[in-house]
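Peer 1: I'll drop the sequence and a predicted model, then ask my questions.
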Amino acid sequence: MAKKQFKAESKRLLDLMINSIYTHKEIFLRELISNASDAIDKLLYLSLTDSGTGLSRSDFYIRIEPDREKRMLKISDNGIGMNKEDMESNLGVIARSGSLQFRDEMEKGEEQEDIDIIGQFGVGFYSAFMVSDKITVISRKYGEEGGWKWQSSGADGYTIAPCEKETQGTEIVMEIKPDTDGEDYSRFLNENSLAALVKKYSDYIRYPVQMEMEHSRNKNAGQADAEPEWETYREVDTLNSMVPIWQRNKNEVTEEDLNRFYKEKFFDFEDPLKTIRVDAEGLISYKALLFVPAKASYDYYTKEYKKGLQLYSSGVLIMDRCEELVPEHFRFVRGVVDSPDISLNISREMLQQTRHLTAIASNIEKKIQGELEKMMGSDREAYEKFWQAFGLQLKYGVMAEFGAHKDKLKDLLLFHSSAGEKLTSLAEYAGRMKEDQKAIYYATGENIQMIASLPQTEYIREKGYEILYFTDEADEFVAQALMAYDGKPIQSIASADADLKTDEEKKEIEKQAEENKDLLGFAADVLKGRIKEARISGKLRSQPVCLTAEGPLSFEMEKYLKQIQPENEMKAERVLEFNAEHPVFGKLKELQKTDPERAETYVKILYHQAELMAGLPVEDPSAYCEMVAGLM
Ligand code: ADP
Ligand code: MG
């Protein structure tokens, strides 16, 4: 029999398939099962429109038959089938632009190590050549007499000849390649691995995917006093669950079902904190089932963690992790999206498809944001648990891309504050603001107690203004990205005091500064190289001194930078502020005249104390201790 040649295009694709270094060769099974499902769809459609077929949905099946001895794998269906012409035009050429696209990508990416492209594109029938040296297709078209046999060993062409076939449908018979060092092809002949692959890729195919499998049973079951005696038997199993949980009616699915589904599918031990169902109909229809985990996985804040949702097209898995579907700031969300508008051959109309994905992604983002906001309002306990796990992610989200997403995220943030033990949102803070309050104030420090006892917070609290307590390194960067909330600037108390003073207070400070010029100059000299300036403070009450940071860098930022980049010498500009009303100040003033040497020691000690209160490490602890001991 004369061999026919594949069309040039197809030949190239075939070569690529045969010599594929692609690691996910297993997807050939998904492709063949999806073809079988398509073929059944077509015949079922005929039955629904042309009552003559007498077939109904329950008559259809897809069957997998491995034969280990002969190294043959057969996939059959009782769908519409193919005649000679169909085989010519469907199996002899690249029928689809999807495959073409794939071929182009493949050629471009030949040097790439992991060409994940097959997973994304429906590569179709030819993918069978990744695991098989010789393929036979036996098919009989519905409503026609006799069958046809198509055979090919790949690149050298194919033959078509008439053959016997009793019923309509198609059988694809593959001679599975011998195992090599790098590839275990025998797994495609193993019942259990095949069953697992069906579960993984084709679980939601709408027709039963069946395979005869080995089981065991107790022959003496039912006889109470008999020893169990095990025997094996074979039975046809349906491997797929057919109706995905997200396609079922809401009232048919319990919370427990959803939780179990989540845990099995996404390998978590804990129930999700929140389950979100989306059922969108319209220009683009899709169903989504989304989960917010209760905890961040151990690798969540590392590069190992990969975001993305599973993408299905009418029950067929297209991508295990479609990154485009979730924005970076919600990367903790797990789940599935199923849209009939995304075709299996995702590249068929590439642009259109990308647009669909973008539209779905933006819908999903809004939905997640809305649900989280709702949760913050209605179930604060759960929200705080969420915040515990993923708050940092949201903070990163605010900072990312120069604050591009801050408006979506600002109402999801929580902070400690001087208002009480509970975390507060910015909206809640704004609701408590005093009428004359012009800004949202924050102070930074290692922990709440430390911030609360910062000398410079006294003045603002005295005015009755609430202060946000920033204990997390990221907080201050978040504040800088946000800049304002609800039209109110978010200000550090360090830079806030100037704005808060009345003209009278300012005049008073100026007066004191003038009066104490000498002493301030003296202190600045003593601390040369350490501080930028010594100043009279308007915000101190019970403490004699405090250290404030001037310029763009705060002490917390300085510490943070030091931590991530120890060699970094960037320092916040230090200003030592004196409380002119404090007795210590009077004493110092006196000493400067009578005993300058002692005054110098005093200044140094005060400076170190200010460092300690600001949560900064004392530069030279032993010198400090000596000085204090000397005084005693
Ligand atoms: P696609 O499924 O995207 O059309 P494939 O390469 O997977 O592309 O398959 C090519 C064509 O071969 C199908 O469109 C279909 O016409 C035909 N075909 C493949 N498998 C079967 C089958 N089991 N039954 C009937 N026709 C099939
Ligand atoms: Mg296909």
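Peer 2: Happy to help now that I have it. Numbering: from 1, shown residues only. Ligands and ions are numbered 1, 2, ... in the order given.

Peer 1: so residue 289, which state does it fall into?
Peer 2: strand (DSSP: H, G, I helix; E, B strand; the rest coil).

Peer 1: check residue 187 too.
Peer 2: Under three-state DSSP, residue 187 comes out as helix.

Peer 1: confidence score at the nearest residue to it once chain neighbours are set aside?
Peer 2: Closest residue to residue 187 apart from its sequence neighbours, by Cβ to Cβ, 6 or more residues apart in numbering: residue 193 at 4.2 Å. (Glycine included, C-beta is placed from N, CA and C.) With respect to pLDDT, residue 193 scores 97.

Peer 1: can you check residue 500 too?
Peer 2: 68.

Peer 1: go on, the one 5 residues further on?
Peer 2: Note for residue 505: predicted pLDDT of 82.

Peer 1: count the neighbours of it for me.
Peer 2: 14 (other Cβ atoms under 10 Å).

Peer 1: need the contact list for it.
Peer 2: For residue 505, the contacting residues are residue 538, by Cβ atoms under 8 Å, 6 or more residues apart in numbering.

Peer 1: surely it forms part of a helix?
Peer 2: Yes - per three-state DSSP, residue 505 lies within a helix segment.

Peer 1: for the stretch 201-350 of the chain, what spans make up the helices?
Peer 2: Under the criterion DSSP state H, counting those that start in this stretch, the stretch 201-350 of the chain contains helices at 255-266, 350-378.

Peer 1: quick one, which of the ones you listed is nearest to residue 454?
Peer 2: helix 350-378 (28.6 Å; Cβ to Cβ).

Peer 1: and that closest one, what does it pack onto?
Peer 2: strand 274-280, strand 286-292, helix 380-403, helix 406-409 (3 or more Cβ pairs under 8 Å, 6 or more residues apart in numbering; DSSP states H and E).

Peer 1: TSV for these, including distance to ligand 1 and mean pLDDT?
Peer 2: Below are the helices and strands packed on helix 350-378 laid out as TSV (distance: least, Cβ to the nearest ligand atom, whole Å; pLDDT from 0 to 100):
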stretch	distance to ligand 1	mean pLDDT
strand 274-280	25	95
strand 286-292	20	97
helix 380-403	38	94
helix 406-409	38	96
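
Peer 1: including mean neighbour count and distance to ligand 2, could those go into CSV?
Peer 2: Formatted as CSV, the helices and strands packed on helix 350-378 follow (neighbours: other Cβ atoms under 10 Å; distance: least, Cβ to the ion, whole Å):
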stretch, mean neighbour count, distance to ligand 2
strand 274-280, 17, 26
strand 286-292, 24, 21
helix 380-403, 18, 38
helix 406-409, 18, 39
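
Peer 1: what helix or strand does the residue nearest to residue 187 sit in?
Peer 2: For residue 193, the element it lies in under DSSP states H and E is helix 191-202.

Peer 1: pull out the buried positions in that helix.
Peer 2: 191, 193, 194, 195, 197, 198, 201, 202 (16 or more other Cβ atoms under 10 Å).

Peer 1: any chance of the backbone angles for the residue in the stretch 501-632 of the chain that ligand 1 sits nearest to?
Peer 2: For the stretch 501-632 of the chain, the residue closest to ligand 1 is residue 564, as judged by Cβ to the nearest ligand atom, at 50.0 Å. Backbone torsions of residue 564, given as degrees, to the nearest 10, read phi -80, psi -20.

Peer 1: one step back: what's the closest of the helices and strands packed on helix 350-378 to residue 60?
Peer 2: Judged by Cβ to Cβ, the one of the helices and strands packed on helix 350-378 that comes nearest to residue 60 is strand 286-292, at 23.4 Å.

Peer 1: which strands and helices sit next to the closest one?
Peer 2: By 3+ Cβ pairs under 8 Å, 6+ apart, strand 286-292 packs against helix 255-266, strand 274-280, strand 334-338, helix 350-378.

Peer 1: pull up the pairing partners for the third one, direction included.
Peer 2: Pairing partners of strand 334-338, with direction, according to DSSP bridges: strand 286-292 (antiparallel), strand 309-313 (parallel).

Peer 1: relative to residue 594, which of these is closest?
Peer 2: strand 286-292 (67.8 Å).

Peer 1: any idea of the angle the closest one forms with helix 255-266?
Peer 2: On the basis of axes from the mean of the first three to the mean of the last three Cα atoms, to 10 degrees, strand 286-292 is oriented at 80 degrees to helix 255-266.

Peer 1: from the chain's centre, how far out does strand 286-292 sit?
Peer 2: Computed by Cα atoms, centre = their mean, to the nearest Å, the chain-centroid distance of strand 286-292 equals 13 Å.

Peer 1: now what about that strand, what contacts it?
Peer 2: Strand 286-292 is contacted by residues 245-247, 258, 261-262, 266, 272-280, 309, 332-339, 341-342, 360, 364, 367-368, 372, 386, 390 when judged by Cβ under 8 Å, 6+ apart.

Peer 1: you'd agree residue 606 is up against residue 544?
Peer 2: Yes - assessed by Cβ atoms under 8 Å, residue 606 is found in contact with residue 544 at 6.4 Å.

Peer 1: can you work out which residues contact both of these two?
Peer 2: residue 584.

Peer 1: can you redo the strands paired with strand 334-338 as TSV with distance to residue 17?
Peer 2: Converted to TSV, the strands paired with strand 334-338 look like this (distance: least, Cβ to Cβ, whole Å):
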stretch	distance to residue 17
strand 286-292	31
strand 309-313	22
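
Peer 1: so which of these gets nearest residue 28?
Peer 2: strand 309-313 (17.7 Å).

Peer 1: now the angle from that closest one to helix 350-378?
Peer 2: Using the same axes, to 10 degrees: strand 309-313 against helix 350-378 is 130 degrees.
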